[in-house]
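I would like to see how this sequence folds:
(one chain, ligands or ions: 2)
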Amino acid sequence: MNRPHKRDTSIACIKDLEVAAAHKLNKNVREYYNQGAMDLITLHDNVAAYDRYRFRPRVLKSLANLSTSTICFGKDVTFPLGISPTAMQGLAHPDGELATSRAASAFGINMCLSTYSNTPADQVIAQSSGTNAYAHQLSIMKDYALNMAIIHRAEEAGYKAIFLTIDCPYLGRRLNETYNDFELPPHLSLPNLPPSDGNMLVRDSRIEYDDHLDWEGIKRFRESTSCEIWLKGILTAEDALLAVEAGVDGIIVSNHGGRQLDGALSTLDALPEVVEAVNGRIPVHLDGGIRRGSDIFKAIALGAKYVWIGRPVLWGLAYNGQAGVELALQLLYDEFRLCQALCGCTSIEEISPRHLARLHTDGRYRPLS
Ligand SMILES: Cc1cc2nc3c(=O)[nH]c(=O)nc-3n(C[C@H](O)[C@H](O)[C@H](O)COP(=O)(O)O)c2cc1C
Ligand SMILES: CC(C)CC(=O)C(=O)O
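Ligands and ions are numbered 1, 2, ... in the order given. A predicted model of the protein is given here:
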């Protein structure tokens with residue numbers, strides 16, 4: 001007999017889910033997922049940056065027609081949140097990326113698949129019932145036949161966009177991977193990449209990234225596919241302007257979840273200068289540090305059209321597969337909708353910088369504009 005799923009009352013927010021996931025994962029995987037580069041300064045600042053803002057809520061606005069939905073990659077999605085590409089989801093749960101994809105589709109939000117997926121791209125997108133859209137992330141390797149094969153497989157399978165990860169000409173120094181001699185367990189494979197029996201992350205010859213890539217190279221990617229081309233890993237106005245000139249379809253303000261250059265700006269702090277430089281010519285998205293629905297609201301208020309999450313999904317997946325990812329999404333959705341309502345916004349378009357105040361050096365919060 002199918003019993004109705006009883007919600008675990010000990011999990012009321014993403015922090016609870018992080019704790020629950022920590023009990024399910026072994027040390028190597030937990031630290032690979034949760035940690036980042038060097039002293040984890042950027043990792044922590046990604047999260048802390050949200051607390052440097054306060055809301056300026058507007059009251060007595062009828063909420064009768066409140067809508068949280070928005071359009072992203074041609075889909076009318078439930079709210080402005082998507083799933084960032086994270087490697088090797090099979091480490092969290094045997095269903096891996098299949099479970100994540102089913103949860104994204106059930107919830108009506110978009111998903112980006114990692115180059116280092118444990119599941120082939122066509123199987124991941126096949127889990128969708130048509131409610132959501134998919135992007136495929138590309139770690140740009142020296143081997144262009146391999147890069148192009150990944151792009152063309154994604155295009156044929158129905159992926160709408162390629163996210164070029166541009167903050168990774170070399171892998172960041174993740175100390176946990178060295179201490180733990182972190183490796184992919186033998187039961188998991190990486191179907192996008194040629195087989196190898198070397199150490200997965202620290203010394204694997206498959207991870208020879210193209211450290212010669214420049215803006216001309218980005219234009220060539222643009223010409224190689226009918227998928228949209230997005231750059232994941234922009235943190236400055238200067239590079240945002242070059243991205244617009246290169247003709248890409250969009251930008252994701254990202255520091256790889258604090259896993260690349262430790263000490264780089266938090267993504268929320270980088271967002272305003274990128275939004276200002278782009279000036280509406282292409283959409284700007286953000287990922288990094290989102291742990292509450294109210295964080296999503298703050299990023300949207302600062303000009304992101306859509307935001308993405310990495311670790312909260314991995315924690316949901318580790319906790320309880322597809323149902324755990326849906327729980328993570330539900331928590332963030334409920335918190336976001338409430339925050340939007342309490343700020344007096346009936347639509348995503350109404351969310352603006354006027355809804356925020358920022359902490360200044362004199363200890364006071366002031367409106368943004
Ligand atoms: C375990 C893990 C694996 C990741 N793998 C990839 C990857 O394969 N490609 C990529 O572009 N980004 C990767 N990222 C970065 C995420 O796409 C995203 O930028 C980051 O997780 C966002 O920060 P958050 O985890 O605080 O939400 C990974 C992040 C984590 C935590
Ligand atoms: C396999 C890794 C290179 C994936 C990644 O980008 C990460 O761990 O941050």
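
Local confidence estimate at the residue in the chain positioned nearest to ligand 2?
Nearest residue of the chain to ligand 2 (Cβ to the nearest ligand atom) works out as A87 at 3.6 Å. The way it works is simple: take the backbone N, C-alpha and C, and place the C-beta from them, glycine included. What the model reports as pLDDT for A87 is 96.

count of residues packed around L175?
Using other Cβ atoms under 10 Å, L175 has 15 neighbouring residues.

what's the closest non-adjacent residue to it?
M38 (6.7 Å; Cβ to Cβ, 6 or more residues apart in numbering).

again with L268
Of all residues not flanking L268 in the chain, A49 sits nearest, at 3.9 Å (Cβ to Cβ, 6+ apart).

Could you grab the helix/strand/coil label for the one you found?
helix (DSSP: H, G, I helix; E, B strand; the rest coil).

Now for it: which residues touch it?
266-269, 289 (Cβ atoms under 8 Å, 6 or more residues apart in numbering).

Kindly indicate which of the residues you listed lies nearest P186.
P186 has its nearest neighbour among these in G289, at 33.5 Å by Cβ to Cβ.

so that closest one touches D295, yeah?
Yes - in this structure G289 lies within contact range of D295 using Cβ atoms under 8 Å: 7.0 Å.

residues from the stretch 101-250 of the chain in reach of ligand 1?
Listed as neighbours of ligand 1 in the stretch 101-250 of the chain under the rule Cβ under 6 Å from any ligand atom: 114-116, 137, 139, 165, 232.

Try it again at 5 Å.
114, 116, 137, 165 (Cβ under 5 Å from any ligand atom).

which two of these lie the greatest distance from each other?
Pairwise over these, using Cβ to Cβ, the maximum falls at Y116 and T165, 10.7 Å.

Now for those two: what residues contact both?
S139.

Now do the shared contacts for G289 and D295.
Common neighbours of G289 and D295, counting by Cβ under 8 Å, 6+ apart, are Y50.

For beta bridges, what are the partners of Q137?
F163 (DSSP bridges).

For stretch 178-198, what is the distance to the chain centroid?
Centre-to-centre, stretch 178-198 and its host chain are 23 Å apart (Cα atoms, centre = their mean, to the nearest Å).

swap in stretch 53-73?
Worked out by Cα atoms, centre = their mean, stretch 53-73 lies 22 Å from the chain centre.

per-residue confidence averaged over that stretch?
97.

which residue is nearest the middle of the protein?
Centroid-nearest residue in the chain, with Cα atoms, centre = their mean: S84, separated by 2.7 Å.

what are the ranges of the helices in this protein?
Per DSSP state H, the chain carries helices over the ranges 14-24, 27-34, 41-48, 96-107, 121-125, 144-157, 175-179, 215-223, 237-245, 267-278, 293-301, 311-342.

Which residues does the fifth one contact?
When contacts are taken as Cβ under 8 Å, 6+ apart, the neighbours of helix 121-125 outside the stretch itself are 97-98, 100-101, 111, 113, 117, 134, 136, 150, 153-154, 156-159, 192.

swap the cut-off to 7 Å and go again
Contact with helix 121-125 is made by 97-98, 101, 113, 117, 134, 136, 153-154, 157-159, as judged by Cβ atoms under 7 Å, 6 or more residues apart in numbering.

How about the third one?
Contacts made with helix 41-48 from outside it, assessed by Cβ under 7 Å, 6+ apart, are listed as 36, 255, 257-258, 262-264, 266-267, 288-289, 291.

can you name the two of those that are farthest apart?
G263 and R291 (21.0 Å).

tally of neighbours for I251?
Residues lying near I251 (other Cβ under 10 Å) number 26.

Ok, P94 next?
Count around P94 with other Cβ under 10 Å applied: 11.

excluding its backbone neighbours, what's nearest it?
For P94, the spatially nearest residue (Cβ to Cβ, 6+ apart) is G321, at 7.9 Å.
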